[in-house]
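Chemist: everything below, folded, please.
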Amino acid sequence: MALLGVSGRRAKSTPRRGPARGRVSARRRNGKPAPVAPRVPGVSIKGPLGQRYTEVLTPAALRFLADLHREFEEARERLLAARAEQQQRFDAGELPDFHPETRSIRDDESWRIAPIPDDLQDRRVEITGPVDRKMIINGLNSGANVFMADFEDANSPTWANNIEGQVNLKDRWAGKLGFTDPETKKRYQISDKPAVMIVRPRGWHLLEEHLTVDGEPISASLFDFGLSFFHNAKAQIAAGTGPYFYLPKLETHEEARLWNDVFVFAQERLGIPNGTIRATVLIETLPAAFEMEEILYELRDHIAGLNAGRWDYIFSFIKKLARHKDYILPDRSQVVMGEAFLGAYAALLVKTCHHRGAFAMGGMAAQIPVKNDPAANEAAFAKVRVDKEREVRDGYDGTWVAHPDLVPVAKEVFDRMMVGKNQLGRVRQHVRVLRDDLLKVHHGTRTEDGFRLNIRVGVQYIESWLRGRGAVPIYNLMEDAATAEISRAQIWQWIRYEAELEGGIIVTAKFFERALGEEMERVKDEVGADNYAHGRFPEAISLFRDISLNDEFVDFLTIPAYRLIA
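Modeler: Okay, here's the model as predicted:
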């Protein structure tokens with residue numbers, strides 16, 4: 001299967017259904033003149049222009065994006081090439097480890113990150129969600145301390161989703177964000193005390209192909225960050241907050257250094273003091289766990305903390321060690337926090353952050369309310385309480401939830417168990433985590449039920465993603481791209497090494513094909529034959545099959561999937 005290369009560029013021979021090409025004509029739409037793309041030298045907009053798109057795709061904003069691309073694209077490509085080279089070493093038998101060449105940074109007791117802004121001092125509960133208008137309002141009004149507006153794993157990156165998300169962010173800081181549900185006529189508006197907003201751009205590995213600079217697609221990271229920062233930073237500062245970001249999928253401190261360079265450049269261009277931007281880095285890749293101190297150091301003027309991004313971290317563990325037969329995981333449900341490599345990484349994150357004055361943020365509770373089943377609902381909430389109690393005991397300063405109904409559940413735990421706004425004073429110097437601790441595999445079983453569940457979750461998520469939905473409730477959990485990645489990664493791993501399931505079944509490509517067909521019949525029954533027929537299941541099944549059976553481990557399912565969205 002043709003895949004994107006190291007730089008993220010598409011092979012020329014790859015057929016695709018994707019971004020519409022060419023400029024939109026000036027014909028009238030709904031009685032209004034169609035927008036005309038602004039003309040900026042070297043910049044070309046490949047996607048269609050909705051009625052308000054030019055409010056964010058202004059000539060000045062496009063020039064800013066072009067400057068970011070021309071300044072940093074070469075470095076981005078070089079770092080992605082370094083990722084690929086590192087993976088080749090892992091595939092050849094090398095294991096991740098702490099780097100001897102950066103030991104001086106880890107041993108130096110003199111440095112701390114810059115003081116954290118006042119409105120980020122209490123982050124006990126953060127809620128995440130996509131950037132559509134209603135979701136942003138609900139997230140800001142959820143009662144959480146922080147709302148993360150997500151252009152990454154909870155967002156299907158259609159051109160419409162991305163640009164309308166930027167329009168929504170701009171409206172929020174212009175005081176114009178409201179929404180009326182077209183069916184219920186219910187009006188949604190931001191409350192008097194909304195959550196602090198943090199924006200998550202897409203990772204370094206992704207492109208925004210709807211906008212090119214000098215003939216090249218722009219980095220999705222720079223596109224998402226650039227538009228949000230350019231349009232909103234000064235309004236955020238005036239409102240007593242600031243331009244705050246979550247940074248996903250980093251693998252090395254060099255990648256953190258690139259973000260720091262971007263921040264310095266962007267602040268200088270807009271005349272904003274250096275250090276105004278504050279970022280929280282998700283430690284959600286296996287290599288990054290060995291470079292936490294170095295990542296903090298590179299971003300020390302611009303960082304607020306690290307986050308234990310558990311779901312992507314599990315995926316990364318499988319991916320980075322894909323060629324190592326000794327690292328086959330049990331069922332996803334048995335890979336739990338507090339044990340084996342997840343427990344070691346969680347403990348190291350708290351120790352590292354607090355030692356350097358940074359926040360340690362806990363991971364996502366993916367449970368959602370179970371309607372019409374009080375017992376199942378309480379069981380789900382009980383799991384959340386146990387998870388959050390563990391995080392407080394471990395020293396975390398806050399946590400993530402995926403649904404507004406979980407905000408009071410998580411907040412009750414932190415209010416009850418955490419004295420003060422955070423736990424920065426808990427410096428856990430007694431914690432000692434070694435290389436082998438970060439590579440310890442969870443004990444557990446591999447079951448046919450777990451294998452089949454991975455198929456159903458993976459295909460259903462991809463199908464929803466292709467229809468423009470990036471956060472999807474499936475079997476009473478809020479699934480996003482990270483959990484879908486775990487599903488397909490486990491299947492690839494079990495097929496690759498012909499894992500034996502409980503009961504004696506050997507996982508082969510033939511068994512996968514049979515199970516895939518049977519599980520799709522089950523999904524058809526669950527979602528209804530009409531919904532199944534009118535969805536994008538054929539494409540989702542084909543993609544899921546391809547990446548599960550591919551001889552090579554496909555880096556990210558969202559890269560080939562991106563070619564299929566309009």
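
Chemist: list the residues that contact the residue most central in space within the chain.
Modeler: Nearest residue to the geometric centre of the chain (C-alpha atoms, centre = their mean): residue 153, 3.9 Å. Counting by C-beta atoms under 8 Å, 6 or more residues apart in numbering, residue 153 touches 248, 312, 470, 480, 481, 482. All C-beta atoms are positioned from the backbone trio N, CA, C, and that covers glycine.

Chemist: can you report phi and psi for it?
Modeler: Note on residue 153: its backbone torsions stand at phi -70, psi -20 [degrees, to the nearest 10].

Chemist: can you tell me which of the contacts of residue 153 are buried?
Modeler: 248, 312, 470, 480, 481, 482 (16 or more other C-beta atoms under 10 Å).

Chemist: as JSON lines, those residues with pLDDT, secondary structure and distance to residue 327 would be great.
Modeler: Compiled in JSON lines, the buried ones among the contacts of residue 153 are given as follows (pLDDT from 0 to 100; DSSP: H, G, I helix; E, B strand; the rest coil; distance: C-beta to C-beta, whole Å):
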{"residue": "248", "pLDDT": "98", "secondary structure": "coil", "distance to residue 327": "23"}
{"residue": "312", "pLDDT": "95", "secondary structure": "helix", "distance to residue 327": "17"}
{"residue": "470", "pLDDT": "92", "secondary structure": "coil", "distance to residue 327": "29"}
{"residue": "480", "pLDDT": "89", "secondary structure": "coil", "distance to residue 327": "24"}
{"residue": "481", "pLDDT": "92", "secondary structure": "helix", "distance to residue 327": "22"}
{"residue": "482", "pLDDT": "91", "secondary structure": "helix", "distance to residue 327": "19"}
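
Chemist: just flag the most distant two among those residues.
Modeler: Greatest spatial distance among the buried ones among the contacts of residue 153 (C-beta to C-beta): 312 and 470, at 14.1 Å.

Chemist: could I get the buried residue list for the longest helix anywhere in the chain?
Modeler: Counting residues, the longest helix found in the chain (DSSP state H) is helix 59-91. Of the residues in helix 59-91, 61-69, 72-73, 75-77, 79-80, 83, 86-87, 90 count as buried by neighbour count, 16+ other C-beta under 10 Å.

Chemist: swap in stretch 376-384?
Modeler: 377, 380, 381, 384.

Chemist: what of stretch 525-538?
Modeler: Neighbour counts over stretch 525-538 (16+ other C-beta under 10 Å) mark 532, 535, 536, 537 as buried.

Chemist: hmm, residue 480 is touching residue 469, no?
Modeler: No: using C-beta atoms under 8 Å as the test, residue 480 is too far from residue 469 to be in contact (10.1 Å).

Chemist: any idea how far residue 78 is from the residue nearest to residue 90 when sequence neighbours are not counted?
Modeler: Among residues not flanking residue 90 along the chain, residue 320 sits closest, at 5.5 Å (C-beta to C-beta, 6 or more residues apart in numbering). Separation of residue 320 from residue 78 (C-beta to C-beta, to the nearest Å): 20 Å.

Chemist: residue 336 too?
Modeler: Applying C-beta to C-beta to residue 336 and residue 78 gives a distance of 37 Å.

Chemist: with residue 442 instead?
Modeler: Using C-beta to C-beta, we find residue 442 at a distance of 35 Å from residue 78.

Chemist: where exactly do the helices run in the stretch 401-550 of the chain?
Modeler: 407-417, 448-466, 481-496, 509-527, 529-534, 537-549 (DSSP state H, counting those that start in this stretch).

Chemist: highest average neighbour count across those?
Modeler: Mean neighbour counts were compared across the helices of the stretch 401-550 of the chain using mean count of other C-beta atoms under 10 Å; the top stretch is helix 481-496, at a mean of 24.

Chemist: what angle do helix 448-466 and that helix make with each other?
Modeler: Using axes from the mean of the first three to the mean of the last three C-alpha atoms, to 10 degrees, the direction of helix 481-496 lies 130 degrees away from that of helix 448-466.

Chemist: next, the angle helix 537-549 makes with helix 481-496.
Modeler: Orientation check (the same axes, to 10 degrees): helix 481-496 against helix 537-549 gives 50 degrees.
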